[in-house]
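S.K.: Sharing a model prediction with you, sequence too.
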Amino acid sequence: ITSLTSEQPRSNNTPVPDLYEVFCTPYTTEEVARGVRAKQNIARGVLVEVAHCIRIPREEYVHHLRYSVLEHYLYVGRDGGMLMALGVGSLFNHSQQPNLNYTVDHDQLIISYRAARDIAAQEELTITYGSSSKLWFVDRSMDSVESSRISMLHEDLDDEAGFLGAFQLDNGSR
Ligand SMILES: C[S@@+](CC[C@H](N)C(=O)[O-])C[C@H]1O[C@@H](n2cnc3c(N)ncnc32)[C@H](O)[C@@H]1O
């Protein structure tokens with residue numbers, strides 16, 4: 001069965017297997033601080049991960065989850081709801097110059113992550129949560145000094161939906 005499966009063409013929404021691993025970060029501040037890094041070189045455009053999500057209705061988010069630790073793990077969903085990405089979708093750390101882009105399929109409750117550029121083995125895989133002025137933590141990523149300079153230059157461009165949740169609520173957008 002294994003060889004049969006691997007001989008079949010990969011469908012457009014099947015990520016390439018074994019591209020990443022979870023590691024302990026030197027810079028985030030959780031009790032167990034993790035990030036995700038590449039295990040091998042990844043070419044630009046490669047589908048790295050597909051995260052199935054749990055939809056959290058707006059009411060549950062507003063009255064419960066935003067007061068919990070999960071607040072720092074949620075993606076913005078539809079109609080004021082939020083999405084909890086399963087698997088490593090919830091473990092990507094933030095960078096102002098991320099090497100992953102992601103798209104949210106609100107109907108299928110799926111977030112797809114693709115390489116935004118060529119990525120070298122051992123590089124941390126990162127997404128952007130939004131502009132640095134809206135983050136709820138001190139950005140300690142390796143590129144944060146350079147990135148805060150760039151984000152100040154691009155502050156006005158950063159108001160799209162789809163980033164992780166907390167700052168958007170502070171921002172009064174729901
Ligand atoms: C979605 S979680 C990422 C996984 C998290 N590092 C963990 O081990 O559970 C978001 C949290 O990671 C931390 N984090 C993510 N990116 C960071 C960065 N660039 N600098 C410092 N902390 C970061 C913050 O504490 C944030 O609330």
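M.R.: Received, thanks. On a predicted model such as this, the values are computed, not experimentally measured, just so you know. Numbering: from 1, shown residues only.
S.K.: what stretches of the chain score poorly on pLDDT?
M.R.: 1-11, 142-174 (pLDDT under 70).
S.K.: For the lengthiest strand in the chain, buried residues please.
M.R.: If you go by DSSP state E, the chain has its longest strand at strand 47-56. Across strand 47-56, burial judged by 16 or more other C-beta atoms under 10 Å covers 47-51, 53, 56. Placement of C-beta: from N, CA and C, glycine included.
S.K.: Following the chain past it, name the next helix or strand.
M.R.: helix 58-63 (DSSP states H and E).
S.K.: give the contact list for I110.
M.R.: Going by C-beta atoms under 8 Å, 6 or more residues apart in numbering, I110 touches 13, 50-53, 104.
S.K.: Show me which of the residues you listed is closest to the ligand.
M.R.: A51 (11.6 Å; C-beta to the nearest ligand atom).
S.K.: Not including adjacent chain positions, what is the nearest residue to the closest one?
M.R.: G89 (2.9 Å; C-beta to C-beta, 6 or more residues apart in numbering).
S.K.: Can you get me a residue count around the one you found?
M.R.: Using other C-beta atoms under 10 Å, G89 has 23 neighbouring residues.
S.K.: try S95
M.R.: 20.
S.K.: which residues touch the longest strand of the chain?
M.R.: Strand 47-56 is contacted by residues 12-16, 19-20, 42, 65, 74-75, 77, 81-90, 100, 109-115, 125 when judged by C-beta under 8 Å, 6+ apart.
S.K.: From those, which land in strands?
M.R.: Counted as lying in strands by DSSP E, out of the contacts of strand 47-56, are 20, 74-75, 82-85, 100, 110-115.
S.K.: which of those sit farthest apart?
M.R.: M82 and A115 (25.7 Å; C-beta to C-beta).
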